[in-house]
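In: could you work out the structure for the sequence below:
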Amino acid sequence: MSLEIVHETLERAVARGDVPGAVALVTDRRGVVHESAAGLASVSRTAPMTPDTIFRIASMTKPITSVAVLMLREAGKLELDDPIARHVPGFVQPPVLVSFDESTGERIVRPARRAITIHDLLTHTSGFGYWFLNREILVASEGRIEHFGAPFLMHDPGERFSYGISTDIVGLVVEPLSGLPLGRFLEERITGPLGMRETRYEQPSAPDRLAGLHKLEDGKWIDGPNEPRGEAPRGGGALYSTARDYAALIRMLLNEGRADDGTRLLSPESVRLMTTNRIGSRWASTQRTAYPARTLDFAFLDGTQKFGYNLMIETRDRPQGRAAGSFGWAGIFNTYFWVDPRAGIGAVLLMQLSPFCDPRCLQLVADFESAVYRALG
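Out: Prediction:
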């Protein structure tokens, strides 16, 4: 493939001021076939973006957690229809919200019609929401960000797809079932065998390689100092990584569960479970923002997608783009990836700015995708 048009696409977006910088990578089943970097990793430090720049990948952590849970299933530690309470000591299922008065904070709740299962959590059909997508949770939480607790469920388990803290909750099964803390399990069983040496919860040892977290102010991109330390390990986010590292995970999925060196991490059956429709007749519809500084509406979900285990599944061929059956996801600081098994490729596009789903970021995602498939012919 001649993928110089990918680099040109990034350069044009930076020149327009659409993004401060970006890294793009394309891999096939054998290895990386193209990587590009353009612009600045940090405008305050005038640090150039490079292929090995480290990013906060946020919800791109979620598919890695799905791999961990499916490993536990293959080991006979759990079944997908098990209630989460069976495996997490002290877990108390929240009630379902019936009505909420924002002016007073008063709410009416009722017991859920059934228990939340592992499957519900992996597919985001559990009823757990996010504070930045549900006004009721935003008001009720009074400014606290809760990754492992919720005042209520937004609907009954299994009723519909709604994005939320489900993967943080399902990640709680790892330690009691494996005897290893989540971060160590991921390192020993997944990121280590895949050679993802830059992927960890701890802040990078070389903080100058970490991209700044940007936002627009008075028409200019600004970024502040990097956080002094990483977040506590959780299944739904908080990992740092690079495009090259994430490509190793993509190749494992393209190769039906095998790492580059042939080591098997997952069975082909588990990969199929993860990467095909698991929500039945339901659809992954647009998720609406409750906090536009954090995220805009999830415009890349238009109601034609299904959902696997923490992966969006395309049901239609995109014109000049990925084929039906492709899967992928994103992170809230505008990191994106997709995998196209029919074409035998995967792609990663990493930016570092807020809000999520900024139209300029989505345009670059679309332009990047189009450039990749034009190069493929």
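In: hey, which helix or strand in this protein has the poorest pLDDT?
Out: helix 135-141 (a mean of 93; mean pLDDT, DSSP states H and E).
In: quick check: buried residues in whatever helix or strand comes next after it?
Out: Where DSSP states H and E defines the elements, the next helix or strand beyond helix 135-141 is helix 166-170. Of the residues in helix 166-170, Ser166, Thr167, Asp168, Ile169, Val170 count as buried by neighbour count, 16 or more other Cβ atoms under 10 Å. The C-beta positions use only the backbone N, C-alpha and C, and glycine is treated the same way.
In: please apply the same query to stretch 169-188.
Out: Within stretch 169-188, the residues that qualify as buried are 169-175, 177-178, 182-183, 185-187, counting by 16+ other Cβ under 10 Å.
In: can you redo those residues as TSV with secondary structure?
Out: Output for those, formatted as TSV (DSSP: H, G, I helix; E, B strand; the rest coil):
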residue	secondary structure
Ile169	helix
Val170	helix
Gly171	helix
Leu172	helix
Val173	helix
Val174	helix
Glu175	helix
Leu177	helix
Ser178	helix
Leu182	helix
Gly183	helix
Phe185	helix
Leu186	helix
Glu187	helix
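In: kindly reformat those residues as JSON lines containing distance to Ile5 and pLDDT.
Out: JSON lines is the format used below for the buried residues of stretch 169-188 (distance: Cβ to Cβ, whole Å; pLDDT from 0 to 100):
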{"residue": "Ile169", "distance to Ile5": "42", "pLDDT": "98"}
{"residue": "Val170", "distance to Ile5": "40", "pLDDT": "98"}
{"residue": "Gly171", "distance to Ile5": "39", "pLDDT": "98"}
{"residue": "Leu172", "distance to Ile5": "44", "pLDDT": "98"}
{"residue": "Val173", "distance to Ile5": "44", "pLDDT": "98"}
{"residue": "Val174", "distance to Ile5": "42", "pLDDT": "98"}
{"residue": "Glu175", "distance to Ile5": "46", "pLDDT": "98"}
{"residue": "Leu177", "distance to Ile5": "46", "pLDDT": "98"}
{"residue": "Ser178", "distance to Ile5": "45", "pLDDT": "98"}
{"residue": "Leu182", "distance to Ile5": "40", "pLDDT": "98"}
{"residue": "Gly183", "distance to Ile5": "39", "pLDDT": "98"}
{"residue": "Phe185", "distance to Ile5": "40", "pLDDT": "98"}
{"residue": "Leu186", "distance to Ile5": "35", "pLDDT": "98"}
{"residue": "Glu187", "distance to Ile5": "37", "pLDDT": "98"}
